[in-house]
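Visitor: with the sequence up front, the predicted model follows.
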Amino acid sequence: MMQSPVSTNLKVVVLGLGYPSITKELARHFRVVGIDFSRNQIELARKNVHEGEFHRMDMTKMTFPPESFDGVFSFLAIIHVPREQKAGLFAKVHEILKPGGILLIAIGCDDWISTPDDD
């Protein structure tokens, strides 16, 4: 088995948990905190990724202290955020990311707004 080239002491927040296989792989290498506003996605994450810590919350209203994370990851979840809220979201991401931290996101090219009721 190949050893991870990164430290599991690094803490990463996953914004949106719609891809549990990605979250599970991240948890093999990092301390993972995942957030999603979908109750179903939180339940799936807790069931499939035992190493993670998961919270039901709107990513635009994150309440993490400044410089809490070594990395921020999001895969096609930010498309659910209304366009007028994206600048505020990225300001919050900048705030919770440690200096020299890594941001890895895939945002898509279209808007697809959904609500917690879309569970």
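Guide: Received it, and whenever you're ready, just let me know what you need. Not measured: the values here are computed from a predicted model.
Visitor: would you confirm that residue 51 contacts residue 32?
Guide: Yes - using Cβ atoms under 8 Å, residue 51 and residue 32 qualify as a contacting pair, with a distance of 6.7 Å. Every C-beta, even on glycine, is put in place using the N, C-alpha and C of the backbone.
Visitor: higher neighbour count, the two?
Guide: Using other Cβ atoms under 10 Å as the criterion, residue 51 and residue 32 rank with residue 32 on top: 26 against 13.
Visitor: nearest spatial neighbour of that one, skipping sequence neighbours?
Guide: The shortest distance from residue 32 to any residue other than its chain neighbours is 4.1 Å, reached at residue 52 (Cβ to Cβ, 6 or more residues apart in numbering).
Visitor: quick check: the one you found vs residue 100, distance?
Guide: Counting by Cβ to Cβ, to the nearest Å, the gap from residue 52 to residue 100 is 23 Å.
Visitor: neighbour count: those two, which is higher?
Guide: For residue 52 and residue 100, the more surrounded residue by other Cβ under 10 Å is residue 52, and the numbers stand at 21 against 6.
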